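[1] Structure of the sequence below:
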Amino acid sequence: MKKYVQVGCGIRGSAYNQTLTSGKFDDCAELCGLYDLNPKRAQVASERCKVHPEVFTDFDEMLQEVKPDTVIVTSKDCTHDEYIIKSLRAGCDVISEKPLTTTFEKALAIQKAEKESGKQVRVTFNLRFSPFYKQVKEILASGAIGEIYSVNVEWMLDTHHGADYFRRWHRERANSGSLLVHKSTHHFDLINWYLEQEPLYVHAFGKRRFYGTNQPQPAERCLTCEERCPYYFNIDRTPHREVYLNCEDADGYKRDKCIFSDEIDIEDTISISVEYSGGALLTYSLNAHCPYEGHVFTFNGSKGRLEVRSSYQSSTTSYGQSHTQNSILLYDRAHNCTEIPIAEADESGHGGADGLLMEGLFRGKPEDPLCQFADTWAGMMSIGIGMAANISMAENRRVALSEFYEELK
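    From the prediction side, this is the model:
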């Protein structure tokens with residue numbers, strides 16, 4: 001029986017604490033403690049669990065009293081390094097929500113602490129466990145299009161999901177590292193995983209075109225706004241009320257700030273190019289203000305082309321999606337097109353990924369032929385692209401990841 005504790009009790013963190021206390025893993029895992037900088041939020045998280053873990057008001061005290069085998073880190077992105085390093089030095093393994101961290105300096109500190117401790121960090125890239133994305137991995141690994149020469153990725157966030165990043169703490173670069181680190185880490189990890197190559201060079205362009213000061217800000221937050229614009233978010237009528245609105249008096253954090261605030265300093269319209277160690281090229285774009293949500297991946301190879309499309313409707317009241325439409329088309333050099341039947345998925349979050357990820361994390365997966373579990377290096381590679389892109393935009397130059405990662409020199 002392994003003992004777990006968790007730091008960070010927001011909505012995303014609830015997927016872990018509620019799963020661990022659901023009864024499904026009673027034979028192998030026990031959640032023994034919760035900690036959040038906002039003690040009221042930690043208490044709410046405990047009360048929402050089927051079995052109520054003890055709430056701690058000090059992270060170090062929780063480590064000392066519980067002596068957990070593993071610490072789950074689901075706190076604000078910019079704090080991941082602090083909790084990961086403390087946990088490793090206390091002799092614990094770590095499960096970290098993506099992104100691993102937000103700067104090169106913090107990433108290197110985590111890597112150093114992991115090596116010195118002899119313990120393990122896993123980064124939860126749940127898309128690797130999605131039956132749909134796993135199917136793409138298997139097709140590419142089979143050699144269906146031969147050697148991959150280039151990849152084009154267009155990722156679209158709509159004005160439900162996309163706007164939500166500009167209401168929350170993510171809107172400030174110091175907290176999230178920007179969407180290129182917080183959100184795109186998912187996408188970069190998928191491409192790194194598919195290619196089985198390491199990113200070497202990044203050149204990026206990005207602007208804030210839709211959110212921020214591009215329009216007048218009628219109020220600090222939606223709750224007190226009388227204008228009720230098309231992007232109005234009624235936090236009083238969502239699950240966020242109990243976790244955030246009712247806990248505001250403890251830390252002052254407002255979950256529903258205006259998306260046109262001048263506090264916002266991250267981009268919403270981005271285009272980047274990446275060169276990989278095996279010669280593959282990636283062209284990637286992210287737009288966080290589209291009429292619909294989804295993505296298009298195209299892989300061009302020596303034997304043909306693979307086109308992967310997904311579109312879905314997002315929601316401001318949950319992290320789920322509905323009405324998903326997926327397709328995979330395979331083209332060969334004889335101009336033939338084959339539509340690949342889509343793998344079935346269960347109803348757990350993120351297209352069936354979350355349930356499979358949790359099963360693997362807490363019950364263990366004896367074999368991992370597709371390398372679905374991501375380690376610290378995989379985490380560093382995915383955020384490396386986003387952090388290098390931030391530098392590229394700021395300094396108007398091509399950035400080599402070897403400037404920061406010794407392993408790439």
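
[2] And for the protein, the residue most distant from the center?
    No residue in the chain has its C-alpha farther from the mean C-alpha position than A334, which lies at 38.6 Å (C-alpha atoms, centre = their mean).

[3] Next, the buried residues of the host helix or strand of H80.
    Using DSSP states H and E, H80 sits within helix 80-89. Within helix 80-89, the residues that count as buried by 16 or more other C-beta atoms under 10 Å are H80, D81, E82, Y83, I84, I85, K86, S87, L88. Where C-beta positions appear, they are placed from N, C-alpha and C, glycine not excepted.

[4] Check the gap between the fourth one and G8 for me.
    I take that to be Y83. In this view, Y83 and G8 are 8 Å apart by C-beta to C-beta, to the nearest Å.

[5] residues shared between the contacts of these two?
    V73, S75 (C-beta atoms under 8 Å, 6 or more residues apart in numbering).

[6] so for stretch 372-385, what's the average pLDDT?
    Rounded to a whole number, the mean pLDDT of stretch 372-385 is 98.

[7] Give the buried residues for that stretch.
    Within stretch 372-385, the residues that qualify as buried are 372-374, 376-385, counting by 16+ other C-beta under 10 Å.

[8] and it, C-alpha only, in CSV?
    In CSV, the C-alpha atoms belonging to stretch 372-385 read as follows (Å, rounded to 0.1, in the frame of the first residue of the first chain):
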residue,chain,number,x,y,z
GLN,A,372,3.4,6.5,-22.5
PHE,A,373,4.8,7.5,-19.1
ALA,A,374,6.7,10.7,-19.4
ASP,A,375,9.8,11.3,-17.3
THR,A,376,11.6,14.5,-16.3
TRP,A,377,13.5,14.7,-19.6
ALA,A,378,10.3,14.4,-21.6
GLY,A,379,8.9,17.2,-19.4
MET,A,380,12.0,19.3,-20.1
MET,A,381,11.8,18.8,-23.8
SER,A,382,8.2,19.8,-24.1
ILE,A,383,8.5,23.0,-22.0
GLY,A,384,11.9,23.6,-23.7
ILE,A,385,10.1,24.4,-27.0
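
[9] thinking again about what came up before, going by distance to C290, which of the buried residues of stretch 372-385 wins?
    Using C-beta to C-beta, I385 comes nearest to C290 of the buried residues of stretch 372-385, at 21.5 Å.

[10] looking at this, that closest one is in a helix?
    Yes. Inclusion of I385 in a helix is indicated when DSSP: H, G, I helix; E, B strand; the rest coil is applied.

[11] For it, list the residues it contacts.
    Contact partners of I385, counting by C-beta under 8 Å, 6+ apart, are L180, S184, F188, P199, V202, I272, V274, L401.

[12] Let's have the buried residues of helix 80-89 in a markdown table, adding distance to H240.
    Supplementary listing: the buried residues of helix 80-89 in a markdown table, determined by distance: C-beta to C-beta, whole Å:
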| residue | distance to H240 |
| --- | --- |
| H80 | 22 |
| D81 | 26 |
| E82 | 25 |
| Y83 | 23 |
| I84 | 26 |
| I85 | 30 |
| K86 | 28 |
| S87 | 28 |
| L88 | 32 |
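
[13] Specify the local secondary structure of the residue nearest to T213 when sequence neighbours are not counted.
    Nearest in space to T213, with sequence neighbours left out and distances taken as C-beta to C-beta, 6 or more residues apart in numbering, is D262 at 4.8 Å. Of the three states, D262 takes coil according to three-state DSSP.

[14] Tell me how far D262 lies from N287.
    In this view, D262 and N287 are 22 Å apart by C-beta to C-beta.

[15] Out of the contacts of I385, which sit inside strands?
    P199, V202, I272, V274 (DSSP state E).

[16] I'd like to know which of the residues you listed is nearest to M1.
    Proximity of these to M1, judged by C-beta to C-beta, is greatest for P199, which lies at 39.7 Å.

[17] mind listing the helices in the stretch 51-200 of the chain by residue range?
    59-66, 80-89, 104-117, 131-141, 161-165, 173-176, 179-182, 184-195 (DSSP state H, counting those that start in this stretch).

[18] Quick check: which of these is buried the most?
    For the helices of the stretch 51-200 of the chain, ranked by mean neighbour count under the definition mean count of other C-beta atoms under 10 Å, the leader is helix 179-182 at a mean of 27.
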